[in-house]
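Colleague: Below are the sequence and a predicted model; questions follow.
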Amino acid sequence: MVYTHASLCESMRLYPPVPLDSKEATEDDVLPDGTVVKKGMIVTYHPYAMGRVEKLWGPDWIEFSPERWLDRDTVTGKWSFVSRDPYMYPVFQAGPRICLGKEMAFMQMKRVVAGVLRRYRVVPLVEEGVEPVFMSHLTAKMKGGFPVGIVERGQRF
Ligand code: HEM
């Protein structure tokens, strides 16, 4: 489940379910970097863009690499999950208003992945190399969806 957890985090780094989120200032404020925010101003943070920043994720940011979330113990050889600062990975928000259902969401996602993949292979029905076209809404969408085939394990497609 450690690798599944890392794969889910990596999927949501590149395709966050809430791609951007806006807040309105209820009073004058100053952000930690010195940016002045006046009452009534709208501030948007952008998990979709932040998941693609080279300074945060390195030159291989475009690669789907669950390994970037994993660390291997040199003695036991065991893999463990390395979590990130939510302010660097705000897929579930950060701070006091962080998503209350985060752990439940991971439990559900892992349950579905384990339940489906144990019996079926999920095969993309698009040509090799075709990337989903991102559509920015409150929750992320893909233009035209992403067609897949469900094949029972042991059967040919
Ligand atoms: C992958 C799945 C999920 C993602 C990416 C996600 C993401 C988010 C984000 C970005 C926020 C902040 C919204 C904002 O401040 O405008 C949020 C808030 C919240 N989420 Fe989730 N969420 C997920 C699943 C869930 C689930 C399964 C539950 C409940 C079981 C849940 C309950 C909540 C609640 C109650 C808040 C409001 C917290 C507050 O304002 O104090 N979320 N979530």
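Modeller: In hand now; what should we look at?
Colleague: Tell me the residues of the chain that contact the ligand?
Modeller: Within reach of the ligand by C-beta under 6 Å from any ligand atom, the chain has these residues: 17-18, 21, 91-93, 97, 99-101, 104-105. Placement of C-beta: from N, CA and C, glycine included.
Colleague: Looking at the residues you listed, which are in helices?
Modeller: 104-105 (DSSP state H).
Colleague: Show only the entries of the residues of the chain next to the ligand found in strands.
Modeller: Asp21 (DSSP state E).
Colleague: among the residues of the chain next to the ligand, which ones are buried?
Modeller: 18, 91-93, 105 (16 or more other C-beta atoms under 10 Å).
Colleague: Make JSON lines from those and add pLDDT to it.
Modeller: Formatted as JSON lines, those follow (pLDDT from 0 to 100):
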{"residue": "Val18", "pLDDT": "96"}
{"residue": "Val91", "pLDDT": "98"}
{"residue": "Phe92", "pLDDT": "98"}
{"residue": "Gln93", "pLDDT": "97"}
{"residue": "Ala105", "pLDDT": "98"}
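Colleague: just to revisit the earlier point, for the residues of the chain next to the ligand, work out which two are farthest apart.
Modeller: Maximum pairwise distance in those, criterion C-beta to C-beta, is 19.4 Å, between Asp21 and Met104.
Colleague: follow-up on the earlier one: could you dump the buried ones among the residues of the chain next to the ligand into TSV and include distance to Pro32?
Modeller: Shown next, in TSV, are those (distance: C-beta to C-beta, whole Å):
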residue	distance to Pro32
Val18	22
Val91	20
Phe92	20
Gln93	16
Ala105	27
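Colleague: which one of those residues sits closest to Phe134?
Modeller: Closest to Phe134, out of all of those and judged by C-beta to C-beta, is Val18, at 13.0 Å.
Colleague: hang on, that closest one packs against Pro47?
Modeller: Yes - using C-beta atoms under 8 Å, Val18 makes contact with Pro47 at a distance of 6.6 Å.
Colleague: Please report phi then psi for the residue in the chain positioned nearest to the ligand.
Modeller: Using C-beta to the nearest ligand atom, the closest approach of the chain to the ligand is made by Gly101 at 1.9 Å. With angles defined as degrees, to the nearest 10, Gly101 sits at phi -100, psi 10.
Colleague: heads up, I number from 19, so please use that
Modeller: Sure, I'll start numbering at 19, so the last one becomes Gly119.
Colleague: That one and Trp75, how far apart?
Modeller: 25 Å (C-beta to C-beta, to the nearest Å).
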